[in-house]
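*Asks:* All I have is the shape, not the residue letters:
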């Protein structure tokens, strides 16, 4: 994956939320989204 610069659109991706539900960035198209990545220690 290439670097994303400030102001560019983020590439679509899908991850599991903390409850195991699959969430895709595409699900929030057209909305303001704040991404928070937390490192899992375990």
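*Replies:* Cool, got the structure. Just so we're clear, the structure is a prediction, and the values are computed from it rather than from any experiment. Numbering: from 1, shown residues only.

*Asks:* Am I right that residue 17 is in contact with residue 36?
*Replies:* No: look at residue 17 against residue 36 with C-beta atoms under 8 Å: they stay out of range, at 11.4 Å. The C-beta positions use only the backbone N, C-alpha and C, and glycine is treated the same way.

*Asks:* and those two? which has more neighbours close in?
*Replies:* Each of residue 17 and residue 36 has its neighbours counted (other C-beta atoms under 10 Å); residue 17 has more, 8 against 4.

*Asks:* can I assume residue 23 sits in a strand?
*Replies:* Yes: under DSSP: H, G, I helix; E, B strand; the rest coil, residue 23 falls within a strand.

*Asks:* give me the beta-bridge partners of it?
*Replies:* In this entry, residue 23 is beta-bridged to residue 15, by DSSP bridges.

*Asks:* give the contact list for it.
*Replies:* Residue 23 sits next to 14-17 when contact means C-beta atoms under 8 Å, 6 or more residues apart in numbering.
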